[in-house]
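Asker: sequence-free structure coming up:
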Ligand SMILES: Cc1cc2nc3c(=O)[nH]c(=O)nc-3n(C[C@H](O)[C@H](O)[C@H](O)COP(=O)(O)OP(=O)(O)OC[C@H]3O[C@@H](n4cnc5c(N)ncnc54)[C@H](O)[C@@H]3O)c2cc1C
């Protein structure tokens, strides 16, 4: 015998404030409010029953300056937290020097998702399946957080700790993500590829990002590889990177990097795919990401998004 | 016979009116249309259900006191609050609210009406149900084993169609037989056996269902997003034990159905809540409920096929055993065993046949009609099986079909003799459109291939009715019982009436989707609206025409035989200036009305004497023939398949409304590709849905759509719908997955034996050693 009584909570009163500057937003967050940018994770997730909508919300979408894309003093790029995926996938600097990020933003959801969804929301949602994570990690992404005590900078690798979890305090607002300067000689390329069953409205089942730098003779002098949706957090794979450095960046080298990524993966089985399949795909998708980054480093044009371009390759 | 091509971009060719603007189009695309969930009533309450907490359990007790005590709750109802009657199509096996047992996760135990949706849901959760939990029985094949516990213990006492052959968990057993298939099989040159299994899938209308019920005195009106208002009306009348005259069903704009909104579903649940509370009560499903709660999904199916052929490609015997998942209740899907068996035969010349089909109960969501029920899965299995047969005798699969497809004078699986049909013509047309010759010449890359599949679907001749009445200004109104589901079939009815009355389609308004207005109609199901209601409208318009001609003859002092109806006037043939306008004739105040139903066409004779459990479907009335050809690209390393190009050739008889017909093919092919590749309801080991949402129930998106080229093989079909038309709505997703499957097999060298052919399944098939089961 069993007696079942499930509980749901009824809608209690909610508050919503709209911040026009960072200080107001942080103050509201200190008082318990959750920031909302595009709302494509927060609101849609609440509707799906993932988590109830927070009782207090602070709108941050009108804070001036948070949607800027600007060079950093060190020659890198500073992306405001409110920059949308639609902007990222078309920004000339991103396309020229950080194409892996454009690859990622270009396949987020649908046109509507990309128009509303922001980089900051993507990063702070801390999903292990989120698409900008792998390219941001490979490009040395650093989160710029502002809290009641002021600003602090955290490497993205130290930000995410698990699905939906991060080291950011609840009252810390992400204001920007900063990326490394591209190598001065320009012989570098990046990419992001994900396995997708359909061409829009997909979610990463397996994803991989890569940044590859080539020496004058075409030898790989630097490599960064990160994998998505294959562990509780998106992370870099040192063995895959090691497998590339010193090689010609050809098919066999990329395959070795893929094998290393598959070995590092800790996939789960669910409706989207079995763990065995995901592990096998980690090898394929990483290989494709690496080969795409190499081609771009060589100056070849590989159209964004690479997930489409590399289909069947 | 004539042939009309639809250019890929859908532009029009001059010889026919192509730019028919559907009257409900503008309001739909501009957002001005009103759907059921848009209705608001003074004092309305909101409903929520308490669903079963276990897929299979005995109910020990239900205590609603805590739920009723929640502030804002107006009523909580259970089986105790409604008459103790069972309902269901061919077997009456379900109650509105579960009483003794729950039989699937979506079974409704209690209903709540409250001030807000949130309160209603909270109260539903507060209903205390004590259960004796029983083992779930989701394995519909295992459920027919002699020692399997019987799910419906009282099945023998249920009211049921006397033609059904039932036994415990087998809700219906059917055998189609012709000649001695066993002996013929033994004499075949080559025998090929195949086993295919299809998962269940869903209709997925974009509009989750919505209902509002309101009582006036002892009559109830239910606004409902149903495809079948008259069936909904009978359901309310039967389960609440009131006359049909006290029940009115009105359907505001319907946001899609694809079959899932056929049948009586929740109208009575909401009506009883409205009655108890004396308030209008509204129910709007969440997306998750739309997946889990309706007793309506596409059935899972386990299909074994065996074909004996001669080396020159004559099919001497077909044997088959099919097991279909009925789920917990019959709903309107009681005929599925027979329909599936017909699709295991297909539109082919078969010397002998014996196909046995079982429709079994399980503790899964019930299966019922989704666009061409049973056909896509059975056709997917048969068409891949035929490609295997062709390979076994070293023949091109297209050539095997050329030799075995039926044509005029050939016999169907139970002896039906076909009249003129375009099966072979659809095959040749699809091959031409897809460029099959170029494929055979090896002009495609090695990760691409073309697959071809043929299929069929019957027309359903049923009674139907309509009125046509003229308005004083010379316009007219069609009052019909027919239901529009978005396909445009009702919207196209004025085309038929206008032609008869010399008017323009835009002169007509349509009063429909109201059971108090139009005559009884089967509803938007069975691709039958133009076929049957079109005939009714034609007859009604003919009556009006006769009246107008008679009035005109008197007015013009002319003989009726010398008159014609054109440009909104009755006029003398050859002397158009001698005329009187319809407006003048209609403006006198004398009612000018017509009514029609027309003679229902009947299927050709067949011989069911060797069949078991026949429901009379061995003969297909005015069969619609289809060939689909798909060019696909397979990503061998991931198993992801993209359909790059698609050709659809259909014999649906004469095409009455080409824009509408093309639309059905575009949508049907996309639905078929989804079923082929990505759409499945995945369940846990107890049959609970794991992907009841649009992120993980993967419909195809517009971006996934290939070019779709259409060709209509137009045959003026005798014994069919208006102008020699047949149905159009369901066939476009029948052979789609078979064509895609055959194309995949050509690339990876083996057939994927599970549907949908997901990336992982294709990858497994491509990477498992030959001969090894996946
Ligand atoms: C249909 C659909 C498809 C999608 N497809 C994809 C996909 O393909 N790939 C993918 O990666 N994602 C996808 N998403 C998820 C989502 O769109 C992205 O993660 C998006 O970038 C989130 O941005 P947002 O501005 O909408 O976030 P919001 O929903 O506004 O916020 C998300 C979370 O981050 C917090 N937050 C937001 N901004 C800040 C900030 N500046 N500082 C601190 N915390 C902050 C919020 O409190 C919340 O917890 C999809 C979503 C939908 C609805």
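Answerer: Yes, it's here. Just so we're clear, the structure is a prediction, and the values are computed from it rather than from any experiment.

Asker: use CA for all of it now, contacts and neighbours both
Answerer: Noted.

Asker: and the helices in the stretch 301-450 of chain B?
Answerer: With helices called from DSSP state H, counting those that start in this stretch, the stretch 301-450 of chain B shows them at B:336-345, B:375-392, B:397-404, B:423-434, B:436-440.

Asker: what about the residue lying closest to residue A:76 once chain neighbours are set aside, distance to chain B?
Answerer: In space, residue A:76 comes closest to residue A:181 once its chain neighbours are excluded; the distance is 3.7 Å by CA to CA, 6 or more residues apart in numbering or on different chains. Applying CA to the nearest CA, to the nearest Å, the value for residue A:181 to chain B is 34 Å.

Asker: residue A:181 contacts residue A:77, correct?
Answerer: Yes - if you go by CA atoms under 8 Å, residue A:181 and residue A:77 touch, sitting 7.0 Å apart.

Asker: those two: which is more packed in?
Answerer: residue A:77 (24 against 17; other CA atoms under 10 Å in any protein chain shown).

Asker: tell me the phi and psi of that one?
Answerer: Phi and psi for residue A:77, reported as degrees, to the nearest 10, are phi -130, psi 140.

Asker: just to revisit the earlier point, export the helices of the stretch 301-450 of chain B to TSV and tack on mean neighbour count and distance to residue B:272?
Answerer: Putting the helices of the stretch 301-450 of chain B into TSV (neighbours: other CA atoms under 10 Å in any protein chain shown; distance: least, CA to CA, whole Å) gives the following:
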stretch	mean neighbour count	distance to residue B:272
helix B:336-345	27	31
helix B:375-392	26	37
helix B:397-404	18	55
helix B:423-434	22	50
helix B:436-440	15	59
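
Asker: what's the domain layout of chain A?
Answerer: Annotated domains of chain A cover A:4-52, A:69-179, A:187-308 [automatic domain parsing].

Asker: ok, is the last one in contact with chain B or not?
Answerer: Yes - using CA under 8 Å from any CA of the partner chain, domain A:187-308 reaches chain B at A:195-203, A:271-273, A:277, A:281, A:284.

Asker: which residue is the nearest non-sequential neighbour of residue 169?
Answerer: Picked chain A for this. residue A:147 (8.0 Å).

Asker: the chain in question should be chain B.
Answerer: residue B:361 is the one closest to residue B:169 (CA to CA, 6+ apart), at 5.1 Å.

Asker: also residue A:16?
Answerer: residue A:57 (4.7 Å).

Asker: what bridges to that neighbour?
Answerer: residue A:16, residue A:34 (DSSP bridges).

Asker: so it sits against residue A:37, correct?
Answerer: No - counting by CA under 8 Å, residue A:57 sits too far from residue A:37 to count as a contact (10.1 Å).

Asker: quick one: contacts for the residue nearest to residue A:16?
Answerer: Counting by CA atoms under 8 Å, 6 or more residues apart in numbering or on different chains, residue A:57 makes contact with A:14, A:15, A:16, A:17, A:33, A:34, A:35, A:36.

Asker: how does it look with 6 Å?
Answerer: By CA atoms under 6 Å, 6 or more residues apart in numbering or on different chains, the residues touching residue A:57 are A:16, A:33, A:34, A:35.

Asker: kindly report the same for residue B:325.
Answerer: Residue B:325 sits next to B:140, B:299, B:300, B:360 when contact means CA under 6 Å, 6+ apart.

Asker: of those, buried ones?
Answerer: B:140, B:299, B:300, B:360 (16 or more other CA atoms under 10 Å in any protein chain shown).

Asker: where does the chain dip in pLDDT?
Answerer: Defaulting to chain A. Scanning chain A with the threshold set as pLDDT under 70 gives A:1-12, A:186.

Asker: sorry, should have said chain B
Answerer: Ranges of chain B meeting pLDDT under 70: B:1-20, B:770-774.

Asker: how deep is residue A:73 tucked in, by neighbour count?
Answerer: 9.

Asker: buried residues of the lengthiest helix in chain A, list them for me.
Answerer: Across chain A, the longest stretch assigned as helix under DSSP state H is helix A:275-297. Buried residues in helix A:275-297, counted by 16+ other CA under 10 Å: A:275, A:277-297.

Asker: against which helices or strands is it packed?
Answerer: On a contact count with 3 or more CA pairs under 6 Å, 6 or more residues apart in numbering or on different chains; DSSP states H and E, helix A:275-297 meets strand A:188-194, strand A:207-214, helix A:251-264.

Asker: most tightly surrounded among those?
Answerer: Comparing those by mean neighbour count (mean count of other CA atoms under 10 Å in any protein chain shown), strand A:188-194 ranks first with a mean of 33.

Asker: which residues touch it?
Answerer: Residues outside strand A:188-194 that contact it (CA under 6 Å, 6+ apart): A:99-100, A:103-104, A:206-213, A:289, A:293, A:296-297, A:306-307.

Asker: related to what we said a few turns ago, so which of the residues of domain A:187-308 next to chain B reach the ligand?
Answerer: With CA under 6 Å from any ligand atom as the criterion, the residues of domain A:187-308 next to chain B include A:201, A:202, A:203 near the ligand.
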